[in-house]
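Peer 1: What follows is a predicted protein model with its sequence.
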Amino acid sequence: MTSIYFDHAATTPMSLESLQAYVEAASAGPGNPSSLHAQGRTARGRITSARDKLASLLHCEASELVFTGSGTESDNAALFGAAFAQLKRGRKGIVTTAVEHHAVMHVCRELEEKGFDLTILPVDEYGRVSLRDAISAIDDSTAVVSIMAGNNETGTLQPIAEIGERARKHKAIMHVDAVQAFGYIPFDLQEMPIDLLSLSAHKINGPQGVGLLYIRKGIPFQPMVYGGTQERNRRAGTENVAGISAFAAAAERAYQLVQDRIAHAEEIRGTLLKALTEQLGEEMVVVNGHPELRLPHILNVSFIGISSESMLMNLDLAGVSASGGSACTSGSLKPSHVLSAMKINSERVLSAVRFSFGLGNTREEADKLAKITATISARLRNR
Ligand SMILES: Cc1ncc(COP(=O)(O)O)c(C=O)c1O
């Protein structure tokens with residue numbers, strides 16, 4: 001049976017380099033990085049080396065990086081950690097956007113429950129926040145600003161540098177969820193006005209269950225997980241040594257090949273969109289998201305007249321893996337909060353499918369996928 005995996009925004013296959021690093025670390029024998037004996041020191045050495053590699057890619061100090069268990073945990077730790085630290089300084093404002101991943105959105109809602117003042121910035125029809133709205137929402141009462149770099153459903157990019165400047169001016173903490181953008185967009189943390197940055201290994205051909213949180217030196221931060229003194233008291237718990245080693249290997253590879261990866265994703269995206277439009281007709285295929293200010297590896301399209309669920313179910317039966325929104329909302333019939341926030345008509349919202357691609361995908365697959373989609377579309381329309 002056909003097997004076409006076009007769901008890289010949900011999770012990616014591990015790269016060979018990442019797998020090798022994982023196997024090497026996992027098969028090297030036991031070693032708790034907190035133990036003082038030789039095996040412990042070896043494990044600690046692996047983490048130090050991974051941290052150094054990631055710090056060099058991000059242009060920050062190794063001590064500013066905290067390994068976590070996922071992108072979700074990084075987002076939670078960033079928001080809770082910064083918000084409660086800022087509360088001690090009398091700041092209660094949280095500013096975010098209507099299109100954040102639930103790992104941010106649900107934390108913001110929880111903070112609101114706990115007494116913080118939440119401002120959710122609207123977006124335009126492409127899913128982009130207005131700089132003017134962001135500027136007027138951030139003032140001296142703002143504790144944390146949380147804006148994603150690139151959206152996981154549409155790929156739309158946000159003006160994080162400009163918003164970060166405003167946050168800095170008012171001494172608010174700027175958090176960026178870069179889980180989807182990392183590996184496609186460079187983050188120079190020495191230059192950029194970002195105080196907290198969330199990343200996740202499994203979106204860049206690394207393993208699942210490993211995240212990273214950058215915490216700028218001097219930023220007030222209250223830990224969320226208590227226990228041992230790991231990660232300089234900022235995240236207790238024995239580190240995932242093999243996963244962390246594999247994360248660094250995946251990130252190094254992603255950076256080395258960044259131009260090739262972008263070109264490859266653009267080629268797949270272009271091929272798929274062209275073939276879909278040719279086969280289904282221009283009026284049946286509507287792209288959701290910004291046409292230019294976007295990540296290269298995501299194509300969100302509405303197949304007008306066909307529900308997302310029917311299309312995804314039929315694609316799955318035909319051996320194609322795609323998604324209706326974020327991984328967390330797929331499987332549920334709730335319309336995507338991201339597309340709903342874009343104020344596009346409900347027909348478009350309810351017929352949206354997200355294709356996302358990367359390592360291992362080919363143009364031939366994109367062409368084949370378009371043919372399969374056209375066949376499904378014709379069948380469903382003739383019912
Ligand atoms: C933008 C964004 N933030 C956060 C997450 C959560 O990352 P993780 O799956 O590592 O928990 C995801 C995952 O889909 C994401 O796309």
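Peer 2: On my side now, so go ahead. Numbering: from 1, shown residues only.

Peer 1: Mind pulling up the pLDDT for the closest residue to residue 202 other than its chain neighbours?
Peer 2: Leaving aside its chain neighbours, residue 202 sits nearest to residue 208 (4.2 Å; criterion: C-beta to C-beta, 6 or more residues apart in numbering). (Glycine included, C-beta is placed from N, CA and C.) Per-residue confidence (pLDDT) for residue 208: 98.

Peer 1: residues in the chain within reach of the ligand, list them.
Peer 2: Within the chain, the residues that sit near the ligand (C-beta under 6 Å from any ligand atom) are 70-72, 75, 101, 103, 148, 152, 177, 179-180, 200, 202, 211, 326-327.

Peer 1: just the helices in this protein please.
Peer 2: 16-26, 38-58, 71-87, 102-113, 131-137, 160-169, 230-233, 241-256, 258-280, 308-317, 337-341, 346-350, 363-381 (DSSP state H).

Peer 1: Touching, the residue nearest to residue 202 and residue 201? I think so.
Peer 2: Yes: counting by C-beta atoms under 8 Å, residue 208 touches residue 201, with 7.4 Å between them.

Peer 1: of those two, who's got more company?
Peer 2: Looking at residue 208 and residue 201 with other C-beta atoms under 10 Å, you find the greater number of neighbours at residue 201, namely 30 against 14.

Peer 1: residue in the protein nearest to the ligand?
Peer 2: Nearest residue of the chain to the ligand: residue 71, at 2.6 Å (C-beta to the nearest ligand atom).

Peer 1: ok, now how distant is that residue from residue 101?
Peer 2: As defined by C-beta to C-beta, to the nearest Å, residue 71 lies at a distance of 8 Å from residue 101.

Peer 1: got it, and residue 156?
Peer 2: 13 Å.

Peer 1: neighbour count winner among these two?
Peer 2: Using other C-beta under 10 Å as the criterion, residue 156 and residue 101 rank with residue 156 on top: 27 against 24.

Peer 1: I'd say that one and residue 127 touch.
Peer 2: Yes: with contact defined as C-beta under 8 Å, residue 156 reaches residue 127; the gap is 3.9 Å.

Peer 1: what is in contact with these two at once?
Peer 2: Taking C-beta atoms under 8 Å, 6 or more residues apart in numbering as the contact rule, residue 156 and residue 127 both touch 99, 289-290.

Peer 1: ok, and the most crowded of the residues of the chain next to the ligand?
Peer 2: Neighbour-wise, the residues of the chain next to the ligand (other C-beta under 10 Å) top out at residue 177, 32 neighbours.

Peer 1: residues in contact with the residue nearest to residue 70 when sequence neighbours are not counted?
Peer 2: Leaving aside its chain neighbours, residue 70 sits nearest to residue 211 (4.6 Å; criterion: C-beta to C-beta, 6+ apart). Residues near residue 211 by C-beta under 8 Å, 6+ apart: 67-74, 198-201.

Peer 1: Let me know the closest of the residues you listed to residue 140.
Peer 2: For the contacts of residue 211, the minimum distance to residue 140 (C-beta to C-beta) is 25.3 Å, reached by residue 198.

Peer 1: distance of the residue nearest to that closest one when sequence neighbours are not counted from residue 180?
Peer 2: Residue nearest to residue 198 in three dimensions, not counting chain neighbours: residue 74, with 3.6 Å by C-beta to C-beta, 6+ apart. From residue 74 across to residue 180, the span is 13 Å (C-beta to C-beta).

Peer 1: likewise residue 6?
Peer 2: In terms of C-beta to C-beta, residue 6 sits 15 Å off from residue 180.

Peer 1: before we move on, what about residue 250?
Peer 2: 15 Å.
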